[in-house]
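Provide a 3D model corresponding to the input given below.
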Amino acid sequence: APLQNMKKSKFKIVFSINSSSTGERKTNFKIPADRLKRVLEKKYDMEIIFVQMYELKMMEQIELMSTTSILVTVCGGGAVSAAFLPKGASLLVFFNEEEGDGHTPARLDWDMFNNLGYIRTHWLPRVRSAIRTKIDDEAFVKLVDHELDIISHL
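Numbering: from 1, shown residues only. From the prediction side, this is the model:
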């Protein structure tokens, strides 16, 4: 069901955590999620959920995704559930710039997500925590704020 047809409730922001055992793709998103909550919780009625997709049965993943406003994930296995996001939802996919063949970006799900016309997909380079700056965190919060603003007007 499209987001605009859903019962008005909290905006559900799901962080797919630790979706890979591969070094840089194994993340818990704690720092950006904490900042997001701190900055936007007074502006939007939102619920932040952390989930390890591989711990959920397929039907549980589908049910969770079908009520999610924004999914934040790393490209690869944990991102595949985004196919079940409702019309109007947003997908924020982090990728590592030097993980693919020949040290090029590994955008494993690029074609699929860019051609899902019913969701808005954003590809974000994953910045290692050692070099991440306040600007990176602020840009993430502003992107989520922008997406929630769009979704709130559907």
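
Tell me, please, the helix or strand in the chain that averages the lowest pLDDT.
helix 110-114 (a mean of 78; mean pLDDT, DSSP states H and E).

Can I get it in PDB? Just the C-alpha atoms.
In PDB, the C-alpha atoms belonging to helix 110-114 read as follows (Å, rounded to 0.1, in the frame of the first residue of the first chain):
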ATOM      1  CA  TRP A 110      22.500  -0.200  -8.500                       C
ATOM      2  CA  ASP A 111      20.300  -1.200 -11.400                       C
ATOM      3  CA  MET A 112      17.500  -2.600  -9.300                       C
ATOM      4  CA  PHE A 113      17.100   0.300  -6.900                       C
ATOM      5  CA  ASN A 114      17.500   3.000  -9.500                       C
END
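
That helix: how far from the chain's middle?
14 Å (Cα atoms, centre = their mean, to the nearest Å).

could you show me where the helices are in this structure, in order?
30-40, 58-65, 110-114, 134-152 (DSSP state H).

If I average pLDDT within each of these, which one is lowest?
Note on the helices of the chain: helix 110-114 shows the lowest mean pLDDT, a mean of 78.

and that one, what does it pack onto?
When contacts are defined as 3 or more Cβ pairs under 8 Å, 6 or more residues apart in numbering; DSSP states H and E, helix 110-114 packs onto strand 120-125. For the C-beta atoms, the positions are set from N, CA and C on the backbone; glycine is no exception.

residues in contact with the spatially most central residue of the chain?
Centroid-nearest residue in the chain: residue 72, 1.3 Å away (criterion: Cα atoms, centre = their mean). Counting by Cβ atoms under 8 Å, 6 or more residues apart in numbering, residue 72 makes contact with 13-16, 29, 32-33, 92, 94.

Give me the subset of the residues you listed lying in strands.
Counting by DSSP state E, the contacts of residue 72 place 13-16, 92, 94 in strands.

Quick one: which of those residues is the most crowded by neighbours?
residue 16 (28 neighbours; other Cβ atoms under 10 Å).

How much space separates the nearest residue to residue 62 once chain neighbours are set aside from residue 116?
In this structure, residue 62 finds its nearest non-sequential neighbour in residue 84, 4.8 Å apart by Cβ to Cβ, 6 or more residues apart in numbering. Residue 84 sits 11 Å away from residue 116, going by Cβ to Cβ, to the nearest Å.

For stretch 50-60, C-alpha coordinates in PDB please.
The C-alpha coordinates for stretch 50-60 follow below in PDB (Å, rounded to 0.1, in the frame of the first residue of the first chain):
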ATOM      1  CA  PHE A  50      17.500  -1.100  14.300                       C
ATOM      2  CA  VAL A  51      17.200  -4.500  12.800                       C
ATOM      3  CA  GLN A  52      19.400  -7.300  11.600                       C
ATOM      4  CA  MET A  53      17.500  -8.500   8.600                       C
ATOM      5  CA  TYR A  54      19.000 -12.000   8.600                       C
ATOM      6  CA  GLU A  55      17.500 -12.600  12.000                       C
ATOM      7  CA  LEU A  56      13.900 -12.000  10.600                       C
ATOM      8  CA  LYS A  57      11.900 -14.500   8.700                       C
ATOM      9  CA  MET A  58      11.100 -13.400   5.200                       C
ATOM     10  CA  MET A  59       7.500 -12.600   6.100                       C
ATOM     11  CA  GLU A  60       8.600 -10.500   9.000                       C
END
